[in-house]
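In: Here is the input, now give the coordinates:
(one chain, ligands or ions: 1)
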Amino acid sequence: MSKDLISLVVIGHHQHGKSTTIGHLLHETGAVSQGELSKHEREAVELGRPASKFALIVDAINVERERGMTVDLKLWKLSTDKNEFTVIDTPGSRDYIKNTMTGISQADSALLVVDATPSAFEAGISREGQTRDLLTAAFTLSIKQIIVAVNKMDGVGYSEERYQEIRSQLSAHLKKVGFKSKYVTFVPISGFIGDNLVERSDNMPWYTNSTLLEALDGISRPKRLIDKPLRIPLQDVYKIGGIGTVPVGRVETGTLRPGMTVQFAPSGIKAEVVSCEVHHETSLEVGPGLNVGFNVKGVSTKDIARGEVASNADDNPAFAVSSFEAQIVVMNHRGKIEIGYAPVIDIHTAHVACRFAEIKAKIDRKTGKIVEKNPRAIYNGEAAICVLEPSRPLCCEACSEFPPLGRFVVRDSRTTVAVGMIISTTKKDSNHI
Ligand code: GDP
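Out: Down below sits the predicted model:
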């Protein structure tokens with residue numbers, strides 16, 4: 001049986017144990033060998049940080065990522081019985097919030113890691129902490145399933161009382177943001193010692209529910225994206241000697257096959273697919289969740305670039321939009337958002353300045369009900385329905401149809417000022433392209 005491919009973003013306050021937990025899980029599930037772990041253990045001792053051996057596993061992978069060695073290595077895999085996760089994680093990054101918001105915009109589900117030790121948890125969830133914004137962004141960007149790992153239980157004497165205290169505070173907060181309790185799972189763990197990661201811990205006999213791995217196995221893929229028309233946002237376009245032009249990207253929906261005529265958007269260029277390759281092996285059919293490189297006939301690397309979307313020319317092909325209507329939540333804006341404001345938005349692999357052309361209504365963030373029509377401006381913490389116009393040709397889609405192509409983050413002065421979800425798009429008049 002093939003596994004469900006699910007993308008998971010790991011979120012949480014700095015130093016709460018994201019890298020340690022993920023590194024340990026990767027080791028326990030066999031993705032990292034004992035030899036590699038021993039190497040990281042020696043490195044950790046040399047660095048004078050013996051406790052960081054698991055975090056170093058993740059750091060090592062991130063170094064490879066930053067060098068951009070291959071597309072496949074940018075994200076890594078964690079397997080459970082039923083699921084295969086692509087883990088989107090940006091620990092230790094200088095631009096943590098910026099990268100995490102982008103990660104959230106690409107994820108199906110989230111793992112929130114919180115530090116249970118005295119005052120650390122309280123700092124993470126405080127107004128100044130990062131956890132609140134990340135959860136609001138996750139909910140707005142249509143992540144519904146969330147696992148909360150209450151970490152460093154070894155640091156609080158494996159206290160059930162402390163766990164329950166954190167659980168009840170966070171449950172109330174998650175509910176306030178809009179998450180439904182049936183989609184939220186709490187697991188008390190020690191990412192460092194390994195309690196309740198894969199094996200149930202003897203240190204917490206009072207806890208009898210899922211381990212972290214079981215909780216991950218319980219996540220279900222939200223929709224059958226394979227039944228939808230093909231969409232592949234391009235990450236890069238290579239020219240490979242002896243082969244030709246090879247666009248690469250992750251298949252988000254539908255299936256790519258050799259012989260198919262693909263249409264790129266917004267450029268409108270069409271080309272025949274000669275061959276497809278996944279993990280360096282030829283493939284005759286590539287479905288959602290896989291990173292693919294495909295060779296196309298008659299197209300130069302100058303014609304198409306990162307940010308274009310490949311689709312099947314014969315089945316509901318992708319197109320350039322003149323504008324799109326979106327629901328946005330303002331997260332971190334120094335002033336206010338008004339008509340005419342033109343920040344940069346990051347959507348799938350595209351990066352384009354867009355102008356706020358209309359602010360149709362202010363809405364209740366949780367229920368979506370209109371609270372004010374045609375407001376003059378929107379401020380931090382507020383949600384609104386807006387119309388945006390891209391300054392350069394852009395292909396994007398309604399979130400309900402193609403979720404990975406319909407979620408975006410709004411950036412200004414290197415901060416994420418808002419996140420959004422596209423409700424509908426208006427096709428650009430082809431005469432004007
Ligand atoms: P990140 O910034 O969220 O990725 O956090 P790290 O994984 O780098 O961990 C931050 C610090 O917390 C490191 O010194 C870890 O060794 C420590 N740490 C992580 N998990 C645990 C745990 O379960 N118990 C204890 N006692 N320390 C931990």
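In: Show me what the helix or strand hosting residue 138 is in contact with.
Out: Using DSSP states H and E, residue 138 sits in helix 131-140. Contacts with helix 131-140, where a contact means CB atoms under 8 Å, 6 or more residues apart in numbering, come from 9, 11-13, 97, 100-101, 104-105, 107, 110, 112, 114, 124-125, 146, 173-174, 177-179, 327-329, 331-332, 365, 383, 409, 416, 419-421. C-beta here means a position set from N, CA and C on the backbone, and glycine is covered the same way.
In: Any chance of a ChimeraX selection covering the buried ones in the residues you listed?
Out: The buried residues among the contacts of helix 131-140 can be selected in ChimeraX (16 or more other CB atoms under 10 Å) with this line:
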select :9,11,12,13,97,100,101,104,105,107,110,112,114,124,125,146,174,177,178,179,327,328,329,331,332,365,383,409,416,419,420,421
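In: Can you flag which of the contacts of helix 131-140 belong to helices?
Out: 97, 100, 101, 104, 105, 124, 125, 173, 174, 177 (DSSP state H).
In: ok, which pair from those is furthest apart?
Out: Taking CB to CB, the two most distant members of the ones in helices among the contacts of helix 131-140 are 105 and 125; they sit 22.4 Å apart.
In: Now do the contacts for the closest residue in space to residue 259 that isn't next to it in sequence.
Out: In this structure, residue 259 finds its nearest non-sequential neighbour in residue 273, 6.6 Å apart by CB to CB, 6 or more residues apart in numbering. Residue 273 is in contact with 256, 257, 258, 259, 260, 261, 262, 294, 295, 296, counting by CB under 8 Å, 6+ apart.
In: Apply 10 Å and report the result again.
Out: 247, 256-262, 292, 294-297, 310, 312 (CB atoms under 10 Å, 6 or more residues apart in numbering).
In: filter those residues to the buried ones?
Out: Buried members of the contacts of residue 273, scored by 16+ other CB under 10 Å, are 247, 256, 258, 260, 262, 292, 294, 295, 296, 310, 312.
In: tell me which of those residues is nearest to residue 190?
Out: Among these, and counting by CB to CB, the member closest to residue 190 is residue 292, at 38.5 Å.
In: ok but that closest one is inside a helix, no?
Out: No: counting by DSSP: H, G, I helix; E, B strand; the rest coil, residue 292 is not part of a helix but strand.
In: In contact with it: list those residues for me.
Out: Per CB under 10 Å, 6+ apart, neighbours of residue 292: 71, 232, 246-251, 256, 273, 276-279, 283, 286, 310.
In: Break this structure down into its domains, please.
Out: 4-218, 231-312, 321-427 (the TED database).
In: wait, isn't residue 394 in contact with residue 307?
Out: Yes: proximity of residue 394 to residue 307 meets the contact threshold set by CB atoms under 10 Å, at 7.8 Å.
In: distance of residue 44 from residue 20?
Out: 11 Å (CB to CB, to the nearest Å).
In: what do you get for residue 166?
Out: 18 Å.
In: out of those two, which sits in the busier spot?
Out: Remark: of residue 166 and residue 20, residue 20 carries more neighbours, 25 against 22, as counted by other CB atoms under 10 Å.
In: Just the pLDDT for the nearest residue to residue 274 once chain neighbours are set aside.
Out: Of all residues not flanking residue 274 in the chain, residue 295 sits nearest, at 4.4 Å (CB to CB, 6+ apart). Reported pLDDT at residue 295 in the predicted model: 93.
In: For residue 80, give me its contacts.
Out: 3-4, 6, 25, 29, 198, 212-219.
In: Sitting in helices, which of the residues you listed do you find?
Out: 25, 212, 213, 214, 215, 216, 217.
In: Excluding chain neighbours, give the residue nearest to the third one in space.
Out: Spelled out, it's residue 213. Closest to residue 213 by CB to CB, 6+ apart is residue 198, at 4.8 Å.
In: what about the one you found, how many neighbours?
Out: 15.
In: Give me the pLDDT value at it.
Out: So residue 198 comes in at 95 (pLDDT).
In: any idea how far it is from the ligand?
Out: From residue 198 across to the ligand, the span is 14 Å (CB to the nearest ligand atom, to the nearest Å).
In: Same question for residue 408.
Out: For residue 408, the distance to the ligand - CB to the nearest ligand atom - is 25 Å.
In: residues touching that residue, list them.
Out: 101-102, 105, 141, 324, 326, 328, 345-348, 350, 352, 354, 388, 396, 399, 418-422.
In: Please enumerate residues in contact with the helix or strand where residue 165 lies?
Out: Using DSSP H and E, residue 165 sits in helix 160-177. The set of residues external to helix 160-177 that reach it, using CB under 10 Å, 6+ apart, is 112, 114-118, 121-122, 124-125, 131-132, 135-140, 146, 148, 150, 153, 155-156, 159, 179-181, 183-184, 186-188, 204-207, 365-366.
In: Which of the residues in that helix are classified as buried?
Out: 162, 163, 166, 167, 170, 174, 177.
In: that older thread, angle of the helix holding residue 138 against helix 160-177?
Out: If you take axes from the mean of the first three to the mean of the last three CA atoms, to 10 degrees, helix 131-140 sits at 50 degrees to helix 160-177.
In: so is the nearest residue to residue 373 once chain neighbours are set aside in a helix, a strand, or just coil?
Out: What sits nearest to residue 373 in space, not counting adjacent residues and going by CB to CB, 6+ apart, is residue 361, at 5.1 Å. On the three-state scheme (three-state DSSP), residue 361 is labelled strand.
In: How about the closest residue to residue 298 other than its chain neighbours: which residues does it bridge to?
Out: Setting aside the residues directly before and after it, residue 298 is nearest to residue 271 in space (CB to CB, 6+ apart), at 5.8 Å. Listed by DSSP bridges, the beta-bridge partners for residue 271 are residue 262.
In: OK, contacts around residue 271?
Out: Residue 271 neighbours (CB under 10 Å, 6+ apart): 245, 247, 260-264, 294-299, 303-304, 310, 313.
In: at 7 Å instead, please
Out: Going by CB atoms under 7 Å, 6 or more residues apart in numbering, residue 271 touches 262, 296, 297, 298, 299.
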